[in-house]
Each structure stands twice: as structure tokens, then as C-alpha cells.
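Q: fold the following and give me the result.
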Amino acid sequence: MKKTVQIFSMLLIALTVLVSCKKDTDPADKDFFVGTYNGTVSYRNDQTTINSSDGRVTVSKVGETYNFYFGNNIPDITGVKFEKTGDNSYVSIGSGLTGISIDASNLKMLVSRGGETWTANCTR
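A: Residues are numbered from 1 along each chain as shown. The predicted model follows:
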């Protein structure tokens, strides 16, 4: 009986050590900037200008790219790739989609592509 209690105690200690020593994960690996940001947004093309001081941008991730969904009848921006630039801060990369910087609490955007311009200065 004494031997059984010792084995059980050793297993319990080993389990406790394994659980408490889990791998540290960078918050950036958890898509911490996916969500909704609120603030000032605008859109302009040759025929339309939309400005909103009460705008919303929802960020989602599909595979390795991110999508930006706007309210206020502003066209969405999809297929954006990012590169890390500091402590959990990212900037967009790729053809025609540069000008977006994002972190856990701020989204700043100035994107010009094909005669269209999007801007955003949002927080959450």
C-alpha cells in the first residue's frame, strides 16, 4: 500500500510540473488584432466620397491574409498580408495594399489603390 501511494504521489507531481510548464505564446500568434475597431473612417473614388466620425472596421483572418470590413457603404479590403514591425505591431505588405498599421488597440489606414482611397483612425 505504501508503494502505491508513493507511485501515485510521483505521478501527481509529474502531472503538476507538466501542466505548469506550458509553452509561452506570443500574443501576436493568437491573432490578437482580429475584432472590431471604432473611429473615423473615409472612402473616396472618382464619384463617391464617404466620411464618418462614427465608423467601424471589423478585421478577420482567413488563412494567412486579413480582411477589413467597413460599415457606412464603404467597400471592403480583402487579402491583406502583414509583416511584424515591433512589439506586436504590424504593417501591411503587398501590391496596392500598403499603408495599414495595426496592433491590439489601434488601426491606422491610408490605402490608395486603383483610384480609390480608404482611411481609418480607429481604436478598440
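
Q: and the most centrally placed residue in the chain, what pLDDT?
A: In the chain, the residue lying closest to the centroid (Cα atoms, centre = their mean) is F33, at 2.5 Å. pLDDT, F33: 81.

Q: my guess is it contacts S101. True?
A: No: the pair F33 and S101 does not pass the contact test of Cβ atoms under 8 Å, sitting 10.3 Å apart. Heads up, the C-betas are built off the backbone N, CA and C, glycines and all.

Q: mutual contacts of those two, please.
A: Contact with both F33 and S101 is made by residues Y90, L107, according to Cβ atoms under 8 Å, 6 or more residues apart in numbering.

Q: which stretches of the protein form helices?
A: Taking DSSP state H, the helices of the chain run over residues 2-20.

Q: max-length strand in it?
A: strand 49-62 (DSSP state E).

Q: which strands or helices does that strand pack on?
A: Packed against strand 49-62 by the contact rule (3 or more Cβ pairs under 8 Å, 6 or more residues apart in numbering; DSSP states H and E) you find strand 35-44, strand 65-70, strand 106-113, strand 116-123.

Q: dump those strands into CSV; add distance to T85 and mean neighbour count as well.
A: Below are the helices and strands packed on strand 49-62 laid out as CSV (distance: least, Cβ to Cβ, whole Å; neighbours: other Cβ atoms under 10 Å):
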stretch, distance to T85, mean neighbour count
strand 35-44, 18, 18
strand 65-70, 15, 19
strand 106-113, 12, 17
strand 116-123, 18, 18
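
Q: between the ones you listed, which one is closest to S53.
A: S53 lies closest to strand 35-44 among the helices and strands packed on strand 49-62, at 5.1 Å (Cβ to Cβ).

Q: got the angle between that closest one and strand 65-70?
A: 70 degrees (axes from the mean of the first three to the mean of the last three Cα atoms, to 10 degrees).

Q: strands paired with strand 35-44, and their directions?
A: When pairs are called by DSSP bridges, strand 35-44 turns out to pair with strand 49-62 (antiparallel), strand 116-123 (antiparallel).

Q: do you know which of these lies nearest L107?
A: In terms of Cβ to Cβ, the element of the strands paired with strand 35-44 nearest to L107 is strand 116-123, at 4.5 Å.
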